[in-house]
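S.K.: predicted model follows, preceded by the sequence.
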Amino acid sequence: MKRSARQALARLESVLATYDPESGRAKQALVQQLAVDSVASSDAVLRLHEALCFLRAYPDDEDLLRDVETALAGFAERSDVRRFRASLEDTGVAGTAINYRFFSPTARWLARTWPELLSISWEEWDNRAHLLDVLPHALPYTETLALDEVERTEREWIEELRGDTADAAFLIGRLGQLAGSEFTREKTYDLLDVPLRLEPAANTPARGSDVFPVTDIACQRTPLRRSRPDLRQDVLRPPVSIEPLSRARGQRLVDLARRAMVTRARDLDGFAHANPDDARWVDCGDGLAFGLLGLRPQRRLMLESSYAAVTLKNGVPMGYVLISALYGSAAIAYNIFETFRGAEAARVFGRVLAMARAVFGCDTFSIDPYQLGYGNAEGLASGAWWFYYKLGFRPRSAYVKRLVRDETRAMKRDPGHRTALGTLEELASENLYFQLDAPRDDVIGEIALGEIGLAMSRWLAQHYGADRERGLRECSARAAELLEVDTHDFSPAQRLWWARWSPIVCAVDAATWSKRDRRKLAAVVLAKGGRHESDFAPLFDAHTRLKEDLLALGRKTSR
């Protein structure tokens, strides 16, 4: 007998992550029924949608996959989606709107791609009065006469000025023409904190349709591997392969990563500033892969090599990763989207560390306080700190070690004991570390990178005062002389990073180094502006003199 839609959905959820022939047949019948039967609430619509997304990533077989894809392809046209469209906003369900205060790069991408569907949520814009301070500088000087003499509200001015262009696209476009650097324009836009609304259409971001095309689907024929891996062994097992993507496929990966963030009301610099020319496919087998993306050269960090990765299962985005590598170590930020948190989070994380080791040669990994839940309610609620601790990460702080001992004793006395949120936040107040070899102090999280930066600022202030531009010109020329290179042969990105790094070359007094060390330093700097920034970290880590002198700079500042 056919179940009601409510019963069918409950049954589907009960067998969703169970993999055996009987459950597979049940899933297919339930998916077929729920593809045509309406459910009675917005919550039920969302639960059904996320169940289908889960099965798209973890299908029992190709027949079920085909039915799931059909159900997701028509999801926006469901009568229950249309009925509950308003309450489904910001869920990423196809056919529903997305509201968010996107940062400048994502706002520009949305305005460029869907100009007529993007609008300003005027009623939600609480600090829009600042717009009138900025607007005159975003228009031709001719128009200052009107802006100086005519009274209009912020909204009325945009309506007056935009012509046939949608309000958001007009404002974002004009602010993109402000004088100054790209960084200045972005900061101006971000300070305005513009609330945006993206209306749905057939090609706008939607969780159920945003998939990276893969040639082979790995069907799930055995139970999910929920147990914790032996991280020490897992890290040493490299990915199946790491392959560069063409620029076209790299751009497709960048767009998918951005769409995945938009549908979850998030914004990530690693995707917003991603470089399609530095995109790689990291295949981990069984349908699990990472789309690894470097930053555009202008956006790279001064020291660390920083990469973002979208985690994919059979092409379905199921989370993201941030990796910042330096000194043979990597800071990791790891997120699994809620739909997939009950699956194989620990196993996937083991593959994250193996990827970081394979690309950067790291032997130490750290998780910073925010990722552990410090000042991060979502991280606290998810139990992130214990997740990493149980995998083998350990604190170095004596205070946190004492808290851990107290909590573990409490758990032994009472198996039902749960760590209070306040205690969890204290535990999360310091980094956790995982070391393959003996603990080192020269790792990310322990190195005072800010102190190195402060040392450089003081050096420039001492030698050049307010005229930093002259400082960069003179340092660039001096560094080229010291390292015996011809900057005319450099690419634009290499020239940019030569200028940025040249004060460091001068401050560490490379003139006293051996010729071999100076030649190696030139290679380090050029790698920072190379196509794959991941080349920088291993070259930096192999340069003992450079590493030691930078640490010495930082120590001098901290005294």
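M.R.: All right, it came through fine.

S.K.: what about the nearest residue to M355 once chain neighbours are set aside, which SS state?
M.R.: Residue nearest to M355 in three dimensions, not counting chain neighbours: V282, with 5.2 Å by CB to CB, 6 or more residues apart in numbering. Using the backbone N, CA and C atoms, a C-beta is placed for each residue, glycine as well. Under DSSP: H, G, I helix; E, B strand; the rest coil, the three-state class of V282 is strand.

S.K.: run a quick neighbour tally on V282.
M.R.: Number of residues near V282 (other CB atoms under 10 Å) recorded here: 24.

S.K.: that one contacts Y307, correct?
M.R.: No: V282 sits out of contact with Y307 when judged by CB atoms under 8 Å, with a separation of 10.4 Å.

S.K.: what sits in contact with each of these two?
M.R.: 292, 359 (CB atoms under 8 Å, 6 or more residues apart in numbering).

S.K.: what about the strands in this protein?
M.R.: Ranges of strands within the chain are 98-100, 118-120, 196-198, 241-244, 274-283, 288-295, 305-313, 316-326, 329-336, 364-367, 394-395, 432-435, based on DSSP state E.

S.K.: what lines up beside the last one in the sheet?
M.R.: This means strand 432-435. With DSSP bridges as the test, strand 432-435 is paired with strand 364-367 (antiparallel), strand 394-395 (antiparallel).

S.K.: returning to that earlier point: would JSON lines of the strands of the chain with mean pLDDT and distance to A358 be doable?
M.R.: Formatted as JSON lines, the strands of the chain follow (pLDDT from 0 to 100; distance: least, CB to CB, whole Å):
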{"stretch": "strand 98-100", "mean pLDDT": "97", "distance to A358": "35"}
{"stretch": "strand 118-120", "mean pLDDT": "98", "distance to A358": "39"}
{"stretch": "strand 196-198", "mean pLDDT": "98", "distance to A358": "37"}
{"stretch": "strand 241-244", "mean pLDDT": "98", "distance to A358": "6"}
{"stretch": "strand 274-283", "mean pLDDT": "98", "distance to A358": "8"}
{"stretch": "strand 288-295", "mean pLDDT": "98", "distance to A358": "10"}
{"stretch": "strand 305-313", "mean pLDDT": "98", "distance to A358": "12"}
{"stretch": "strand 316-326", "mean pLDDT": "98", "distance to A358": "11"}
{"stretch": "strand 329-336", "mean pLDDT": "97", "distance to A358": "11"}
{"stretch": "strand 364-367", "mean pLDDT": "97", "distance to A358": "13"}
{"stretch": "strand 394-395", "mean pLDDT": "96", "distance to A358": "23"}
{"stretch": "strand 432-435", "mean pLDDT": "97", "distance to A358": "16"}
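
S.K.: I172: what's it in contact with?
M.R.: I172 neighbours (CB under 8 Å, 6+ apart): 104, 107-108, 111, 189, 194.

S.K.: same check on L268?
M.R.: Going by CB under 8 Å, 6+ apart, L268 touches 257, 261, 308, 320, 322.

S.K.: check what pLDDT it gets.
M.R.: pLDDT for L268: 95.

S.K.: would you mind measuring from it to A331?
M.R.: Going from L268 to A331 by CB to CB, to the nearest Å gives 15 Å.

S.K.: mind showing which ranges of the stretch 151-300 of the chain have poor pLDDT?
M.R.: Counting by pLDDT under 70, the stretch 151-300 of the chain shows no low-confidence range.

S.K.: same check, this time on the stretch 451-559 of the chain
M.R.: The stretch 451-559 of the chain contains residues with pLDDT under 70 at 557-559.

S.K.: tell me where it has helices.
M.R.: With helices called from DSSP state H, counting those that start in this stretch, the stretch 451-559 of the chain shows them at 468-483, 492-507, 515-528, 536-541, 544-558.

S.K.: re the thing from before, in TSV, list the strands paired with strand 432-435 along with mean neighbour count and distance to A97.
M.R.: Formatted as TSV, the strands paired with strand 432-435 follow (neighbours: other CB atoms under 10 Å; distance: least, CB to CB, whole Å):
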stretch	mean neighbour count	distance to A97
strand 364-367	24	35
strand 394-395	18	43
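
S.K.: quick check: domain ranges of this protein?
M.R.: Listed domain ranges for the chain are 5-83, 98-198, 231-435, 449-558 (source: automatic domain parsing).

S.K.: of all the ones you listed, which lies closest to P205?
M.R.: For those, the distance to P205 is smallest for domain 231-435, at 3.8 Å, taking CB to CB.

S.K.: picking up where we left off before, okay, the contacts of I172 in CSV with neighbour count and distance to F290 next?
M.R.: Formatted as CSV, the contacts of I172 follow (neighbours: other CB atoms under 10 Å; distance: CB to CB, whole Å):
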residue, neighbour count, distance to F290
S104, 23, 27
A107, 26, 27
R108, 20, 26
A111, 23, 29
Y189, 22, 31
V194, 23, 32
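
S.K.: these in helices, which ones?
M.R.: The helices, defined by DSSP state H, take in 104, 107-108, 111, 189 from the contacts of I172.

S.K.: identify, from those, the entry nearest to A479.
M.R.: S104 (32.1 Å).

S.K.: just the pLDDT for that closest one.
M.R.: S104 carries a pLDDT value of 97.

S.K.: give me the number of residues near the closest residue to Q251 other than its chain neighbours?
M.R.: Spatial nearest neighbour of Q251, chain neighbours left out: P276 (4.1 Å); criterion: CB to CB, 6+ apart. Here the number of neighbours of P276 (other CB under 10 Å) works out to 19.

S.K.: cool, and S14?
M.R.: S14, neighbours per other CB under 10 Å, totals 12.

S.K.: please renumber the chain so that the first residue is 28 from this point on.
M.R.: Let's use 28 as the start, then, which means that last one is S41.

S.K.: next one, pLDDT for it please.
M.R.: The model reports S41 with a pLDDT of 96.

S.K.: again with the one 4 residues further on
M.R.: According to the per-residue confidence, T45 scores 94 in pLDDT.

S.K.: still on that earlier bit, dump the strands of the chain to JSON lines, plus distance to S254.
M.R.: Formatted as JSON lines, these follow (distance: least, CB to CB, whole Å):
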{"stretch": "strand 125-127", "distance to S254": "37"}
{"stretch": "strand 145-147", "distance to S254": "45"}
{"stretch": "strand 223-225", "distance to S254": "40"}
{"stretch": "strand 268-271", "distance to S254": "26"}
{"stretch": "strand 301-310", "distance to S254": "23"}
{"stretch": "strand 315-322", "distance to S254": "16"}
{"stretch": "strand 332-340", "distance to S254": "18"}
{"stretch": "strand 343-353", "distance to S254": "19"}
{"stretch": "strand 356-363", "distance to S254": "16"}
{"stretch": "strand 391-394", "distance to S254": "20"}
{"stretch": "strand 421-422", "distance to S254": "20"}
{"stretch": "strand 459-462", "distance to S254": "18"}
